[in-house]
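[1] Here is a sequence together with a model predicted from it:
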Amino acid sequence: MAQTLNQLLKWVGALLLVVVVLLGRGTSAEVEQRPALRVCADPDNLPFSNREERGIENKIAILVAGELGRTVSYFWWPHRRGFIRNTIKANECDVIMGVPEGMDMFLTTRPYYRSAFQYVSRADRNLKITSFDDPRLRQLKIGIATIGYDYTNSPAAVALGARGITGLVGFSTFYNEQNRPGDIVDAVAKGTVDVSIVWGPIAGYYAKQEPLPLALQPLPDIDPRTKTPFAFGVVAGVRKSDKELAAQIQAALDRERDAISRLLAEYNFPLSDSAAPAARPTDDSGPPAPKKKADRIHGNQGRAAKTSDRKSGGKVDKLLVSPEEYQGWKWFHVYCFRCHGIDAVGTTLAPNLVNSLSAQGSVTHDVFLKTVKEGRPEKGMQSWTSLLDDNQIEQLYAYVKARSDGRLARGRPHKAPGK
Amino acid sequence: MSKKSRQIYRVCVLALLVLGLASVRAAADSQGEWTMTGRTYDLQRFSPLDQIKASNVAQLQAAWSFSTGVLRGHEGNPLVLGNVMYVHSAFPNIVYALDLTKPGAPMLWKHVPTQPAETIPVACCDVVNRGLAYHPSGKLFIELLAGDLLAIDAKSGKQLWRVKNADYKEGSTMTNAPIVIKDIVIAGISGGEFGVRGRVTAFNVNTGQEVWRAYSTGPDADVKIGSDFIANYPSHKGKDLGVSTWQGEEWKRGGGTTWGWYSYDPQLNLFYYSTGNPGSWNPDQRPGDNKWSMTIFARNPDTGMARWAYQMTPHDEWDYDGVNENILVDLPIDGRTVKALVHFDRNGFGYTLDRTNGKVLVAQPYGPGVNWASKVDLTTGVPAKNPQFGTTAKKNTEKICPAAIGYKDQQPAAFSPATGFFYVPTNNICMDYEGVEVKYAVGQPYVGAIVRMFPGPGGNRGRFIAWDATKGKVVWEIKETLAAYGGALATAGGVVFYGTMEGWLKGVDAKSGKELWKFKTPSGIIGNPMTYLGPDGKQYVAVLSGIGGWAGIGVAAGIGPEDPTAGLGALGAFGDADKYTNQGGVLTVFALPERVASK
C-alpha cells in the first residue's frame, strides 16, 4: 500500500512540480544585501510556472521572497524523472514551490491551497458526472493524463482501470511544442473527448480560456474502491535539513495568505476545502491520503535533539538523537520491530509507523499513546502496558516521531557526546 | 555325483550365491543410507562411501534437483532410507518422500502440516527446521515450528500422532531435529528470546506420550540432577544451582533452550545436547552464573537423569548459546584413547571433553581474536572473562569478538576418522552489544539487547577450518567472503563438502583443504550436505539450498541493510547477502558422470 501511495504521490508530483518561472539571470541578486531565494522550476508548465514568470507559483515565490527581503533566482529544469535529484538535491536551489503534500523527500510547509481532480465536460451537455461508478463512463470517451514519468499510472487510470472502464484517450504529460498542458481541456471543448479527468488547477486555468463554457465537477477526495486519492494539498518543499528556511517560508506564506487567495481566484483554481481528513480512506487498509495537519514544522521541537547538535562540519547528522529518542529506539528494537519492522518501516504484519505518524497518517500523539496502551486486538495489536510504562511509551513516541518527521534516518542512532 | 545330486548341488550353490549377494547388498545399503541427521548417533557426519574421491570429484555434476516450494531458510539435510529420500522444508514444515528408484526421484507423498502463520514472528531467526528423525518401525518425526511434535507414517505420509511440546503463544517454538533412541523420541524447544524455560522432552514413539522432561533451569528435581550426577568443578557443585545462580525467580524465564543437534553413545547409554542463552540478553537483569544455561548435558535417555553437565559460559553477557553439536569421537590424547566429546561453541572456544564424565581436556579458540575471555581454566572449568568486553544496559560495548551469532552457530561440523581432523564451517563476525532493561510478559520478546554485528579480523566473514581436537589447533583454513553457515560432510573418498551463504557447494581435499570442485546452487546454503548410495549403486551428494537462518535473515525476511542492528544484529554483518543470492528452498543432488563412476 505504501508503495502504491508513493507511486501516486510521485505521479501527482510529476504533474504539480512544474513550477515557478523567472528570468533567472535577470534579477540582480548581486546588488541585494541578502542572497536571492533560489527556486527550482519548470520553464514551461503553465499555469504553475514558466520562464516568463507567468505561473502562479512564480508569483507566490515572489511574494515569499519579498517577505524575506530577498529576490528570487531560478534554476530551470523541465519536470521529468530525476527532477528532484537534479535540482534541489543537487543543491541548485533551496526551495521548490507547488509540491504535493506528502512527498517524503522534503521538509514541507503546510498546504497553501488544496485542490482536487475535476471532471471537465461541456456545460451544454449537462453530464454532471460525480462518480467513477456512473454507468455513462462506460460509453463516453474519457480524456486522462497518461503514464507518469516513472511509468506509474495516473490516479484516474488506476480508478477507471479497477472498474474495467476502457474508452480512454491519453494526453501526454511530456509537454513540448506538440503536447501542451491545456490539450486535455481543449479536447473537451473541441469534442474529441466527452469528458476529461484533470488536476483541478489545470482544469480551472485552461477551462477559463475556452470560448465555450465548460463544467467542472470535483472528483471525490478519495475513490472508495481503489483508495486512490484525488484531492491534494499543495506545499513548498525544502531540503529536510533546512528547518529554519521552512519555518521562514511558512511564516511568509501565512502573512501573504490574502494575496495568495487572490492569485488562486485569478488563476481560476477550483479549491477543495476538505481541510480535514477528507481524503482519508475509511479503513486502514488503503493508502493514507494527504490531509491537513498543523504541526508540520513546529510539532516536535520539544523532544527533538537541537538542530545545532545535528550538524557537524556543515553536514547534517541524521542519526543524532536526544536521550529520550535513543531510549525509544531501544524499546522499539526489542519489542515493536517484530511486526512494525526495523526502523518502523512496517512489515506485512503491521503498518509503517513512519507513515502513520506523518502528516498523511492518522496517528496523533494521543492516538499513539492510546493504541500502545490499549492495543487494537481486532488488528492484532496488543496492549503493551505490561511491558512499557507511560514514560517509556513517550520515549517510543519520540523515536517514531523523529523517524516520521525525517529528522532521523534509518539505522542505529547515537546520542550527542557528553549526554 | 549323480546327475540328480549334481542338480541339487547347483541349486544349493545358486541359493548360497543369491543369499550371499543379498547380504552383501544389505551391508552396502546401510553404508549408503543416511538414517539420522548426523548419519550416525555420534554426529560425525562421516560417510564410508568412497566412489566420489579427491581424484574424480572435479567431474561431479548435478543429477537432479527438487524445489521444496518454500522460500525461507533451509537448514538440516534429508534422510535416505532404503530407496526413499525424505526431505523437510522450512515453515510450514512440509515433508516429502521421493522415490530414488525412478529417474528424477518423483514424489511418493507430500505431507503439509497445518500451522498458524502467527508463529512466524515468534521465531527469532527465520522459520527454519533442522530436519527429521526416523524410527525403524517406519515412523518419521518432525518438530513443527508452532510447537507440535508430529509423527508420520514413512510409507504413506499420513499423520500417526501429533502432540504439543511447545506453544508459540508463549514464545516457545521448535526448530531442531529430534533424536530417536530406542523407543523414545526426544524433542527440544526454541524461544530463548521470549523468556521461555528450556527443556528436553522424551516421548513414546508409538503413542506420543511423554516419558520424561528435563528442564535447563530450576530445582534439581526439574533439571533431573540426582545422586549419581558428576560435578567436576566447584562452580558446578551444590544443590539446586538452577535456582540459586539466578536472582529471584528469573530462572523461571531463564532460557537455556535446546534447539541444537543431539548425539548419543549407545555403549555409555548417554544422550548429549546443550543449552542456549539465559533469559534476557541483558546481563544486568540476572546476576549469577545462570545455571544451567550455556551447558553441555549428558543424560540417561531411559530416565532423563543427568550424568554430568558442564557450563561453558557462566553468566552470559553476549548471547553465546551453547547449543552447538557435541560430536562423539574416540581420540588419542596424552598417549591414551579418550572417549571424547568435541564441541565448537558460539563463544569461540573449541572444547574437547571426556564424554564419560564431562571433564574439559582441551579448550582453545578456533577463531581469530576471541576477546571476551582470554582462556578457559582447565582446573576450574571457568573462562577468564575480560571485563573490558563485558556488557551492560548502561552503555554500548564495542568490538566484542565473536559476535552473538558465534564463530560458529548451528552449522554442524564433521569428523573424518581417516585424517583425524574435524571440519568446521565457521563465521568470522564480531559485534557491539548494548543491553536494554526489559520486562517479562508471557509470549512477548524478552531479548533485552541491541546488537550490531560486523566482519571479524581480516574482513572475511567466514572460514572453513580443519581442527585438531587433541591439541586445539587449526590445521588449515579456507577464507570465505560470507559465513560458511551450512554444515560439513566428510567422506571416505577424502573429500569434504560444505556450503556457503552465496550458494556454493564446495568439495575440498580432506588433507590439505585444497578446493577440488564447486557448484553454485540456486540459493545460499545454510543446510548440510549429505551423501548416499542410490538404488543404481552410485554415490550421490545432496544439499538443501535456501538462504535464511539468523545469518541470512535479511534475505529471507526482506530486511534491508540500512539498520545494522536489524535481525538481532545480523544485518550489520550480512546486509549485503542479497547481492549474492536469492530466496528459495531447493535440493540439488550430484553424481559423477557414468564413465567416471564406473571406473
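    Happy to help now that I have it.

[2] would you say B:Thr119 is within a helix?
    Yes - applying DSSP: H, G, I helix; E, B strand; the rest coil, one finds B:Thr119 inside a helix.

[3] Could you tell me which residues make contact with it?
    B:91, B:127, B:145-147, B:168, B:173 (C-beta atoms under 8 Å, 6 or more residues apart in numbering or on different chains). Every residue, glycine included, has its C-beta placed from N, CA and C.

[4] Please tabulate these in TSV, including the columns distance to chain A, neighbour count and pLDDT.
    As requested, the contacts of B:Thr119 are exported to TSV (distance: C-beta to the nearest C-beta, whole Å; neighbours: other C-beta atoms under 10 Å in any protein chain shown; pLDDT from 0 to 100):
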residue	distance to chain A	neighbour count	pLDDT
B:Phe91	14	23	96
B:Val127	13	28	94
B:Leu145	15	26	97
B:Ala146	16	26	96
B:Gly147	18	24	97
B:Tyr168	13	25	94
B:Thr173	13	27	97
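
[5] what's the domain layout of the chain?
    Unless you meant another one, I'm taking chain A. Chain A resolves into domains spanning A:2-114+A:232-279, A:115-218, A:307-415 when parsed by automatic domain parsing.

[6] Hmm, no, I was thinking of chain B.
    Domain assignment for chain B by automatic domain parsing gives B:1-32, B:33-597.

[7] what ranges do the helices span in chain B?
    Secondary structure of chain B by DSSP state H: the helices cover B:3-32, B:220-223, B:241-244, B:553-557, B:570-574, B:594-597.

[8] distance of the residue lying closest to A:His414 once chain neighbours are set aside from chain B?
    Of all residues not flanking A:His414 in the chain, A:Leu319 sits nearest, at 5.9 Å (C-beta to C-beta, 6 or more residues apart in numbering or on different chains). Distance of A:Leu319 to chain B, computed by C-beta to the nearest C-beta, to the nearest Å: 10 Å.

[9] Report the contact partners of A:Leu319.
    A:408-409, A:411-414.

[10] Where does the closest residue to A:Trp331 other than its chain neighbours fall, secondary structure wise?
    Nearest non-adjacent residue to A:Trp331, counting by C-beta to C-beta, 6+ apart: A:Leu396, 4.9 Å away. Following DSSP states H and E, the helix or strand that holds A:Leu396 is helix A:390-404.

[11] check contacts around the closest residue to B:Glu325 other than its chain neighbours.
    Nearest non-adjacent residue to B:Glu325, counting by C-beta to C-beta, 6+ apart: B:Trp261, 3.8 Å away. B:Trp261 sits next to B:37-38, B:43, B:130, B:176-177, B:273, B:324-326, B:410, B:412 when contact means C-beta under 8 Å, 6+ apart.

[12] which regions of chain A sit below the pLDDT cut-off?
    Residue ranges of chain A with pLDDT under 70: A:1-33, A:147-153, A:173-174, A:274-315, A:417-419.

[13] What count of nearby residues applies to the residue nearest to A:Trp331?
    27 (other C-beta atoms under 10 Å in any protein chain shown).

[14] isn't it right up against A:Thr371?
    No - between A:Leu396 and A:Thr371 there is no contact under C-beta atoms under 8 Å: 11.1 Å.

[15] got the CA coordinates for stretch A:223-233 in PDB?
    Extracted in PDB, the C-alpha atoms of stretch A:223-233 (Å, rounded to 0.1, in the frame of the first residue of the first chain):
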ATOM      1  CA  ASP A 223     -12.000   6.800  -4.600                       C
ATOM      2  CA  PRO A 224     -13.700   4.400  -2.100                       C
ATOM      3  CA  ARG A 225     -12.900   1.400  -4.300                       C
ATOM      4  CA  THR A 226      -9.200   1.800  -5.000                       C
ATOM      5  CA  LYS A 227      -8.500   4.200  -2.200                       C
ATOM      6  CA  THR A 228      -6.800   6.400  -4.800                       C
ATOM      7  CA  PRO A 229      -6.700  10.000  -3.500                       C
ATOM      8  CA  PHE A 230      -7.800  12.800  -5.800                       C
ATOM      9  CA  ALA A 231      -7.500  15.800  -3.600                       C
ATOM     10  CA  PHE A 232      -4.100  17.100  -2.600                       C
ATOM     11  CA  GLY A 233      -2.700  19.900  -0.600                       C
END
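
[16] quick one: that stretch to chain centroid distance?
    What separates the centre of stretch A:223-233 from the centre of its chain is 13 Å, taken as C-alpha atoms, centre = their mean, to the nearest Å.

[17] same deal with stretch B:32-46?
    Centroid separation for stretch B:32-46 versus its chain: 12 Å, with C-alpha atoms, centre = their mean.

[18] Give me the average confidence score over it.
    Mean per-residue pLDDT for stretch B:32-46: 97.

[19] on contacts alone, who are the packing partners of the top strand by length along chain A?
    Taking DSSP state E as the criterion, chain A has its longest strand at strand A:231-238. Judged by 3 or more C-beta pairs under 8 Å, 6 or more residues apart in numbering or on different chains; DSSP states H and E, strand A:231-238 is in contact with helix A:2-16, strand A:95-100, strand A:107-108, strand A:113-116, helix A:243-255.

[20] Other residues contacting the very next helix or strand once past the longest one?
    Read that as helix A:2-16. Sequence-wise, the next helix or strand downstream of helix A:2-16 (DSSP H and E) is strand A:37-41. With C-beta under 8 Å, 6+ apart as the contact definition, strand A:37-41 has outside contacts at A:18-22, A:48-49, A:55, A:57-58, A:61, A:64-65, A:68, A:70-77, A:83, A:87-88, A:92-97.

[21] Buried ones from the residues you listed, can you make that a ChimeraX selection?
    Selecting only the buried entries of these in ChimeraX, with 16 or more other C-beta atoms under 10 Å in any protein chain shown as the criterion:
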select /A:18,19,20,21,22,48,49,55,57,58,61,64,65,70,71,72,73,74,75,76,77,83,87,88,93,94,95,96,97
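
[22] Tell me which of the contacts of strand A:37-41 fall in strands.
    Judged by DSSP E, the contacts of strand A:37-41 include A:49, A:72-76, A:95-97 as members of strands.

[23] Just give the nearest non-adjacent residue to the closest residue to chain A within the stretch 1-150 of chain B, would you?
    Residue of the stretch 1-150 of chain B nearest chain A, by C-beta to the nearest C-beta: B:Pro121 (4.5 Å). Among residues not flanking B:Pro121 along the chain, A:Arg338 sits closest, at 4.5 Å (C-beta to C-beta, 6+ apart).

[24] Go ahead and confirm that neighbour touches B:Gly443.
    No - applying C-beta under 8 Å as the test, A:Arg338 and B:Gly443 come out as separate, 11.5 Å apart.

[25] Mind checking which of the two has more residues around it?
    More neighbours surround A:Arg338 than the other of A:Arg338 and B:Gly443, with 20 against 17 (other C-beta under 10 Å).
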